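Trainee: got a predicted structure here, sequence first:
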Amino acid sequence: MKPSALARLLGTASLALFAALPARAELKPGEPAPHFSAEAALAGKPFLFSLAEALKKGPVVLYFYPKAFTQGCTIEANRFAEAHDDYVKLGATVIGVSGDDIETLQRFSATECRNKFAVASDADGKIMKSYDAVMPFVTSYARRISYVIAPDGRIAYAYSSMSPDLHVPNTLDAVRRWSAAQRR
């Protein structure tokens, strides 16, 4: 086997091993959620999102995604948009965060988020770092992690998987459980 073929084989095997590692959210339920404010867009219009202000209204579903307009991130945004009314009925706010610039997110919020929920720009990566959501080896991208933050500012639920498939059902179920516990 030629050295370059061996290097490609080892590189492919390393990527496969990395992808097969169990994903996990770094912040655990019960831990305080780092507060932040960020430039965001909703329905194509920019505004300043404040986690503290959103928590005054109810729980916040904060999800990190790698890059706007990529396949998995578009699927995930579409699914959050489809479930948005269910989150609203439970008093929850949904906010997506990526390292994309605000101009890109203005378009993404109108098209892929379907004008339903806001997406925030974390171009300097400070929010991703505070939530331990930085993608290894590509630090300008976020790992796909979703958090439910209770109004008391603590993490109520965390889910990490690069697949967009279960973020919406898992966070929606977590918000439902949190809501039911509040009625007891």
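Mentor: Perfect, I can see it now.

Trainee: residue ranges for the strands of this protein, please.
Mentor: 37-42, 45-50, 60-64, 93-98, 118-121, 145-149, 155-160 (DSSP state E).

Trainee: make TSV out of the ones you listed and add distance to Gly30 and mean pLDDT.
Mentor: Where you see a C-beta, it was placed from the backbone N, CA and C, and this is true even at glycine. Below are those laid out as TSV (distance: least, Cβ to Cβ, whole Å; pLDDT from 0 to 100):
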stretch	distance to Gly30	mean pLDDT
strand 37-42	24	98
strand 45-50	23	98
strand 60-64	16	98
strand 93-98	21	98
strand 118-121	24	98
strand 145-149	12	98
strand 155-160	7	96
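
Trainee: out of these, which comes closest to Cys73?
Mentor: strand 93-98 (7.3 Å; Cβ to Cβ).

Trainee: what's the closest one in contact with?
Mentor: 38, 40, 49, 51, 54, 57-68, 73, 76-77, 80, 84, 87, 105, 113, 116-122, 127-128, 133, 141-142 (Cβ atoms under 8 Å, 6 or more residues apart in numbering).

Trainee: mind checking how far it is from the chain centre?
Mentor: Relative to the mean C-alpha coordinate of its chain, strand 93-98 is positioned 6 Å out (Cα atoms, centre = their mean, to the nearest Å).

Trainee: strand partners of that strand, parallel vs antiparallel please.
Mentor: Looking at strand 93-98 with DSSP bridges, its partner strands are strand 60-64 (parallel), strand 118-121 (parallel).

Trainee: follow-up on the earlier one: quick one: the strands of the chain as JSON lines, columns for mean neighbour count and distance to Arg177 too.
Mentor: Shown next, in JSON lines, are those (neighbours: other Cβ atoms under 10 Å; distance: least, Cβ to Cβ, whole Å):
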{"stretch": "strand 37-42", "mean neighbour count": "19", "distance to Arg177": "27"}
{"stretch": "strand 45-50", "mean neighbour count": "14", "distance to Arg177": "25"}
{"stretch": "strand 60-64", "mean neighbour count": "26", "distance to Arg177": "13"}
{"stretch": "strand 93-98", "mean neighbour count": "25", "distance to Arg177": "17"}
{"stretch": "strand 118-121", "mean neighbour count": "25", "distance to Arg177": "24"}
{"stretch": "strand 145-149", "mean neighbour count": "26", "distance to Arg177": "9"}
{"stretch": "strand 155-160", "mean neighbour count": "21", "distance to Arg177": "8"}
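
Trainee: as a markdown table, those with distance to Trp178 would be great.
Mentor: Listed next are the strands of the chain as a markdown table, based on distance: least, Cβ to Cβ, whole Å:
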| stretch | distance to Trp178 |
| --- | --- |
| strand 37-42 | 23 |
| strand 45-50 | 21 |
| strand 60-64 | 11 |
| strand 93-98 | 13 |
| strand 118-121 | 21 |
| strand 145-149 | 7 |
| strand 155-160 | 5 |
